[in-house]
Every structure is written in C-alpha cells, then in structure tokens.
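In: Here's my sequence, what's the structure:
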Amino acid sequence: MNDAQDDPTPLLRDFVNTRNIDADRDEIPSPARLVAWLAERRLVPEDTAATGNDLVTAVALREALREAMAANHGAQDAEHADDLDDALAALPLRLTLTGPRPALVPLDPPATAAAGLARIAAAVADSVAAGTWARLKVCQEDTCRWAFLDTSKNRSRAWCSMSTCGNRTKTRAYRARRRPAAG
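Out: Presented below is the predicted three-dimensional model:
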C-alpha cells in the first residue's frame, strides 16, 4: 500500500476532482467504483470490498475537503471546518512514531475502503507538514469548483484555468457592468 507519498497534493486534488461539477459527473458513484479508484492509486488492494456506508463516508470526505480547499483562498468558515472535522472523525486513524517522523496510519486492516479513505485523510496532515496544504484551492468559478494547486508566487490564483474559468468570470462581470441600470 502507498502509505507514505512523497507529495500528497496530487492525491488530495484528484480525490476532490472525482466529482466534476461542471460536467455533472462523479467518478465514484458506487462502492465498486470507489474501490477501483482507491486501488488505482494503490491505497487498497484490488479485491477490497466496500459498502454503501463507505461511499457515504467518501463523498462526505470529498466535499468537506473541497470546502476546506475553497477556504484556502481566505478566511476559514467555521461551519466548513466543522464539516471536515466530522468527516475526518469518521475515519479510523492513529498516530505512529515509528519511521523517520510521526505519521497518521489507518487502524483498519489495509484491505478495507475505510483504510483507503483514512490514507487520504492522512495525506492532509502530510500536506500541512510539507507546506503545500495552503496552496490546494478550489476554482472560484461557481459552475466549476475544480481543485488545483496554486503555484503562483504570491498564492493568489483564483481559477483552475484563466483561459476558461477566469475568462468566464471576467466576461460575466464585464457584461454586468455594461448592462443598463434598471430604474
């Protein structure tokens, strides 16, 4: 299993992006697809079983992470912080001091969907430790909300793509300014 990733940001970004809001598509619509997604990333063995409850936990974690990444644009909303805390509390994790540094590891046997989701949760701590968590953001275009890594020098990137979402947002704002005032 892939317990320690060198860079946890792609895993977190990709997990949040399993739901494409713009295209109304979900890559993990069933427990079987959840296991397939986790297995593709070597977070669980391919023969792992998952339940409907595992899927509910995965969706709650994904959407809580999306909101937490959206909060990386500015002040953290207490309600969204609580949502992430609730999602993380549902996962079986423990702290271990074996290895080069403290780490969060799943309590469940490795061949469970909960263990795979716990590895995603542990990646949040790894991302914070690596200093990359604050750079994980969500596109501010409401119709998109795609997760991305902000690599701008001053950490001010607002959209996943300036040419698509940035242009869409700026065009909408321009048209709103040009619209004659009703009066």
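In: Can you name the residues that contact the residue nearest to residue 103 when sequence neighbours are not counted?
Out: Distances taken as Cβ to Cβ, 6 or more residues apart in numbering place residue 96 nearest to residue 103, at 5.5 Å, with adjacent residues excluded. Backbone N, C-alpha and C define where each C-beta goes, glycine included. Residues near residue 96 by Cβ atoms under 8 Å, 6 or more residues apart in numbering: 102, 103, 104, 105.
In: so where's the chain uncertain?
Out: Scanning the chain for pLDDT under 70 picks out 1-5, 75-81, 155-157, 159-164, 166-167, 169-175, 181-183.
In: Now do the helices in it.
Out: 9-16, 31-40, 52-71, 78-89, 113-130, 167-178 (DSSP state H).
In: which one of those helices has the most crowded surroundings?
Out: helix 113-130 (a mean of 22; mean count of other Cβ atoms under 10 Å).
In: helices and strands around that one, which ones?
Out: For helix 113-130, the elements it packs on are helix 9-16, helix 31-40, helix 52-71, helix 78-89, strand 93-96, strand 103-106, judged by 3 or more Cβ pairs under 8 Å, 6 or more residues apart in numbering; DSSP states H and E.
In: Distance to residue 165 added to those, as CSV?
Out: Conversion of the helices and strands packed on helix 113-130 to CSV gives the following (distance: least, Cβ to Cβ, whole Å):
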stretch, distance to residue 165
helix 9-16, 15
helix 31-40, 24
helix 52-71, 14
helix 78-89, 21
strand 93-96, 34
strand 103-106, 33
